[in-house]
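Enquirer: from the sequence below, what's the structure:
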Amino acid sequence: GIANVVMNYYRNIDREEVQFDCLVFSQAPDNFDSEISELGGKIYHFTQPGLKTYSKSQKELEEFFKEHGKEYDIIHCHEILVAKMVFKYARKYGNVKCISHSHSVKLSDKLIRAIRNRFIIMRLKQKSDYCFACSRKAGQTAFGKNIKNDKKFFVLVNAINVDKYRFSSDDRRNVREELSIDDKFVLGNIGRLSAEKNQKFAIDVLNAMLSKGKDAVLLLVGKGGIENKLKEYARGYGIQDKVTFTGIRKDIPQILSAMDFFVFPSKFEGFGITLLEAQASGLNCLCFENMPEEIKSTDKLRCISKKSKSKQWADIILDTEKPNNREMYCEELKEKGYDIKEQANNLKDLYFKIKEDNI
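Expert: All right, here's what the predicted structure looks like:
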């Protein structure tokens with residue numbers, strides 16, 4: 001998710017004025033390596049720091065900045081758990097401004113890891129020249145409750161190419177024919193198949209709708225470690241033929257056009273960019289109320305209590321009128337500042353202000 005956000009800004013920023021090199025601690029999708037090169041950037045791979053590899057990671061970073069440190073004006077760190085270590089060597093060997101960027105409202109979904117991560121990022125605000133976050137809530141998670149009042153804190157929304165997600169009746173027809181769902185009511189969810197994304201609840205919602213006599217199917221778009229468990233869960237209801245696992249798709253805008261309703265029962269999100277994409281496609285969307293305020297961009301999105309049950313979700317979906325004029329919501333999102341072209345230009349201007357410390 002974070003890699004996609006970075007690449008989205010990189011593709012759209014003025015690369016005559018701003019160029020990215022990427023320092024990577026975990027393997028990014030292979031296609032990103034080649035795309036970064038095509039866009040004019042370089043990519044450097046480092047060992048992921050851990051109990052057994054921390055010293056190795058430090059050594060690699062120090063050697064890198066000793067050789068390349070003077071080449072950079074800004075270090076924009078999107079992985080807050082390594083930020084302090086990166087900043088230490090970037091400052092030692094270069095004259096840089098350091099940005100920490102928070103992308104989540106939780107430090108972990110496991111208590112022990114959350115405690116460990118809180119310790120790791122202790123005093124991160126003080127170690128950063130500037131603090132960014134995808135939402136105010138994500139900023140408070142990483143930098144403290146009062147960060148929203150700090151003049152060196154900025155919310156950089158996970159903007160999208162809004163026009164790319166504009167509803168298309170042709171795309172809708174083609175995808176529904178491909179997946180043999182042309183006569184069905186299509187629920188959809190897009191994201192990594194994982195416990196925190198809570199696709200299990202989406203299957204509960206589908207089952208509740210089927211029990212009420214609705215001829216519905218569920219599209220789960222993405223891959224992840226719990227895919228087999230989700231398939232087994234659907235099989236337990238006897239509705240395995242009503243759940244389609246598409247895997248990773250490159251035609252997300254077309255997939256969204258094929259859907260009738262977007263369900264997003266994620267337990268927590270830093271931003272929830274797929275909700276933005278679904279709204280751009282004019283889809284009615286339903287999520288729990290724990291979503292950041294910034295994602296509530298149109299009247300297509302409804303957020304309800306975290307205590308709500310799958311039957312309540314089913315009732316809301318069944319009572320919601322079929323959307324008309326789905327094409328119009330792109331313009332609304334543009335007006336509210338979610339178009340990547342505008343936001344990439346804003347980021348370019350902000351980088352130059354940060355470089356000169358002229359905030």
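
Enquirer: surely Val155 is in contact with Lys137?
Expert: No: counting by Cβ atoms under 8 Å, Val155 does not reach Lys137; the two are 9.8 Å apart. From N, CA and C alone the C-beta is placed, and that goes for glycine too.

Enquirer: pick out whichever of those two has more residues nearby.
Expert: Using other Cβ atoms under 10 Å, the more surrounded residue of Val155 and Lys137 is Lys137, with 23 against 16.

Enquirer: how close does the more buried one get to Pro292?
Expert: Distance of Lys137 to Pro292, computed by Cβ to Cβ, to the nearest Å: 5 Å.

Enquirer: grab the nearest non-local neighbour of Ala280.
Expert: Computed as Cβ to Cβ, 6 or more residues apart in numbering, the closest residue to Ala280 that is not its neighbour in sequence is Tyr165, at 3.7 Å.

Enquirer: the one you found: neighbouring residues, count only.
Expert: Neighbours of Tyr165 under the rule other Cβ under 10 Å: 24.

Enquirer: and it, what pLDDT?
Expert: The model reports Tyr165 with a pLDDT of 95.

Enquirer: same check on Ile2?
Expert: For Ile2, the model assigns a pLDDT of 86.

Enquirer: then Pro29?
Expert: Looking at Pro29, the pLDDT reads 54.

Enquirer: any common contacting residues for Lys137 and Pro292?
Expert: Counting by Cβ atoms under 8 Å, 6 or more residues apart in numbering, the common neighbours of Lys137 and Pro292 are Val105, Gly270.

Enquirer: the strands in the protein, which residues?
Expert: Secondary structure of the chain (DSSP state E): strands located at 22-24, 43-45, 74-77, 97-102, 130-133, 153-155, 185-190, 216-221, 243-247, 261-264, 285-288, 301-304.

Enquirer: make a markdown table out of these and add distance to Arg11 and mean pLDDT.
Expert: Shown next, in a markdown table, are the strands of the chain (distance: least, Cβ to Cβ, whole Å; pLDDT from 0 to 100):
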| stretch | distance to Arg11 | mean pLDDT |
| --- | --- | --- |
| strand 22-24 | 13 | 93 |
| strand 43-45 | 15 | 93 |
| strand 74-77 | 16 | 98 |
| strand 97-102 | 18 | 98 |
| strand 130-133 | 19 | 96 |
| strand 153-155 | 21 | 96 |
| strand 185-190 | 20 | 97 |
| strand 216-221 | 21 | 97 |
| strand 243-247 | 24 | 96 |
| strand 261-264 | 24 | 97 |
| strand 285-288 | 25 | 95 |
| strand 301-304 | 26 | 94 |
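
Enquirer: could those strands go into TSV alongside distance to Pro323?
Expert: Formatted as TSV, the strands of the chain follow (distance: least, Cβ to Cβ, whole Å):
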stretch	distance to Pro323
strand 22-24	38
strand 43-45	41
strand 74-77	37
strand 97-102	33
strand 130-133	31
strand 153-155	29
strand 185-190	13
strand 216-221	16
strand 243-247	21
strand 261-264	9
strand 285-288	10
strand 301-304	12
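
Enquirer: so which of those comes closest to Phe87?
Expert: Nearest to Phe87 among the strands of the chain is strand 97-102 (4.5 Å), distances taken as Cβ to Cβ.

Enquirer: ok, that closest one: who's next to it in the sheet?
Expert: strand 74-77 (parallel), strand 130-133 (parallel) (DSSP bridges).

Enquirer: related to what we said a few turns ago, quick check, the residue nearest to Ala280 in contact with Ile273.
Expert: No: at 10.9 Å, Tyr165 and Ile273 do not qualify as touching, with contact defined as Cβ under 8 Å.

Enquirer: relative to Asn4, which of the strands of the chain is closest?
Expert: Nearest to Asn4, of all these, is strand 185-190, at 11.7 Å by Cβ to Cβ.

Enquirer: now do the helices in the stretch 101-250 of the chain.
Expert: Here the stretch 101-250 of the chain has its helices, by DSSP state H, counting those that start in this stretch, at 111-120, 124-127, 136-143, 169-178, 199-211, 227-237.

Enquirer: and the residue nearest to Ala280, how far from Asp182?
Expert: Using Cβ to Cβ, which is the criterion applied here, Tyr165 is 21 Å from Asp182.

Enquirer: chain center to stretch 333-343, what's the gap?
Expert: Offset of stretch 333-343 from its chain centre (Cα atoms, centre = their mean, to the nearest Å): 16 Å.

Enquirer: give me the low-pLDDT residue ranges for the stretch 201-350 of the chain?
Expert: Within the stretch 201-350 of the chain, no range satisfies pLDDT under 70.

Enquirer: what does the stretch 1-150 of the chain give?
Expert: For the stretch 1-150 of the chain, the ranges with pLDDT under 70 are 27-31.

Enquirer: wait, Asn284 sits on Met259?
Expert: No: Asn284 is beyond contact range of Met259, at 9.6 Å (criterion: Cβ under 8 Å).

Enquirer: tell me which of these two has more neighbours.
Expert: For Asn284 versus Met259, the count of surrounding residues by other Cβ under 10 Å is larger for Met259: 26 against 22.

Enquirer: in space, what's closest to that one - neighbours in sequence excluded?
Expert: Using Cβ to Cβ, 6+ apart, the closest residue to Met259 is Gly188 (3.7 Å).
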